[in-house]
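K.L.:
Make a model of this:
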Amino acid sequence: MVNRDDELLQGIKGLHFHTNCDATEFASLLATVRHIQDLIPKFLERLTWVNMGGGYLFNEVNNYSDFFQAVEIFREMFGLVVFIEPGASVVRSAGIIEATVHDLFESGDAKVAILDATVNHMSEVFEFQFEPDVLGYSKGGSHPYILAGCTCLAGDIFGEYTFDAPLDVGSKVKFLNMGAYTISKAHRFNGVGLPTIYMRRSNGAVQLLKEDTFDDFAGTSGVIHSAVV
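P.N.:
Below you'll find the predicted structure:
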């Protein structure tokens, strides 16, 4: 295909591929690199850089030999600058989303807690359908709840959790390990604002960094500021 479409590929300087998610080993990455090496060697010789993507949980890997071999293939054989995206392994545990219970009701045999947050603020939950960690969750706890978001989006549900103590309107629910995608991919479905961003300093002080406003929403939507009433 590269030979047939050679003219279409003129001017391309780099290659980006992303074939792993939450990987705790690098065998799959090495297999991908070897496949690319065998499939398009002439094309690789024309490039200056390659990005091997992300999804690798470096902090949970025990053996890095396959990773080093993958990098060596691109660097030594083709002279490419190699980029890697450590992403989640660096920042996932650095973020917490704190939500407030705004309503409680029963639906059949289930108790539902409506939060002032939404899965639209947590793309990993929305796209990959996994239940995030919640502070205070107790497996087999005596107070079960369905934690749900506050929009009309079908599936705006964080998951089912049990707690040792009951939730009340005004209770705080803290979702852990939310630092990877909540900033880069959160959106304002139904007009629900983006989470307010705070930083906790090493001395314990909490600093407000960013609060979402209507002007932010209007600007993102292409509305001229002076026309907003």
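
K.L.:
Show me which positions of the helix or strand that residue 68 is a member of end up buried.
P.N.:
In this structure, residue 68 sits in helix 65-72 according to DSSP states H and E. Buried positions in helix 65-72, judged by neighbour count with 16 or more other CB atoms under 10 Å: 66-67, 70-71. (Each C-beta comes from the backbone N, C-alpha and C, glycine too.)

K.L.:
looking at this structure, which helix or strand is least sure?
P.N.:
Of all helical and strand segments in the chain, the minimum by mean pLDDT, DSSP states H and E falls on helix 123-128, at a mean of 76.

K.L.:
mind exporting that helix as CSV, just the C-alpha atoms?
P.N.:
Backbone C-alpha positions of helix 123-128 (Å, rounded to 0.1, in the frame of the first residue of the first chain) are rendered in CSV as follows:
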residue,chain,number,x,y,z
SER,A,123,-14.6,10.1,30.1
GLU,A,124,-13.1,6.8,31.3
VAL,A,125,-16.4,6.0,33.0
PHE,A,126,-18.5,7.1,30.0
GLU,A,127,-16.4,5.5,27.3
PHE,A,128,-15.1,2.4,28.9
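
K.L.:
Next secondary structure element downstream of that helix?
P.N.:
For helix 123-128, the following helix or strand on the C-terminal side (DSSP H and E) is strand 143-148.

K.L.:
returning to that earlier point: from the chain's centre, how far out does the helix holding residue 68 sit?
P.N.:
A distance of 25 Å separates the centroid of the chain from that of helix 65-72, by CA atoms, centre = their mean, to the nearest Å.

K.L.:
which outside residues touch it?
P.N.:
With CB atoms under 8 Å, 6 or more residues apart in numbering as the test, helix 65-72 has contacts from 25-27, 29-30, 32-33, 52, 56, 61, 82, 84.

K.L.:
go with 7 Å
P.N.:
With contacts defined as CB atoms under 7 Å, 6 or more residues apart in numbering, helix 65-72 is touched by 26-27, 29-30, 33, 52, 82.

K.L.:
And the contacts of the next helix or strand after it?
P.N.:
Downstream of helix 65-72, the first helix or strand assigned by DSSP H and E is helix 78. The contact list for helix 78 (CB under 7 Å, 6+ apart) reads 44-45.

K.L.:
Now the helix or strand following helix 78: buried residues?
P.N.:
Counting by DSSP H and E, the element after helix 78 in chain order, helix or strand, is strand 81-83. For strand 81-83, the neighbour count (16+ other CB under 10 Å) marks residue 82 as buried.

K.L.:
Which pair in the contacts of helix 65-72 has the greatest spatial separation?
P.N.:
Spanning the widest gap among the contacts of helix 65-72 are 27 and 82, at 18.0 Å by CB to CB.

K.L.:
picking that back up, what about the contacts of helix 65-72, which are in strands?
P.N.:
Counted as lying in strands by DSSP state E, out of those, are residue 82.

K.L.:
Relative to residue 88, which of the buried residues of helix 65-72 is nearest.
P.N.:
residue 67 (15.8 Å).

K.L.:
So the spatially most central residue of the chain, which state does it fall into?
P.N.:
Centroid-nearest residue in the chain, with CA atoms, centre = their mean: residue 181, separated by 2.7 Å. Look at residue 181: counting by DSSP: H, G, I helix; E, B strand; the rest coil, its state is coil.

K.L.:
Settle this for me: it is touching residue 124, isn't it.
P.N.:
Yes. In this structure residue 181 lies within contact range of residue 124 using CB atoms under 7 Å: 5.4 Å.

K.L.:
For those two, list the residues in contact with both.
P.N.:
Counting by CB under 7 Å, 6+ apart, nothing touches both residue 181 and residue 124.
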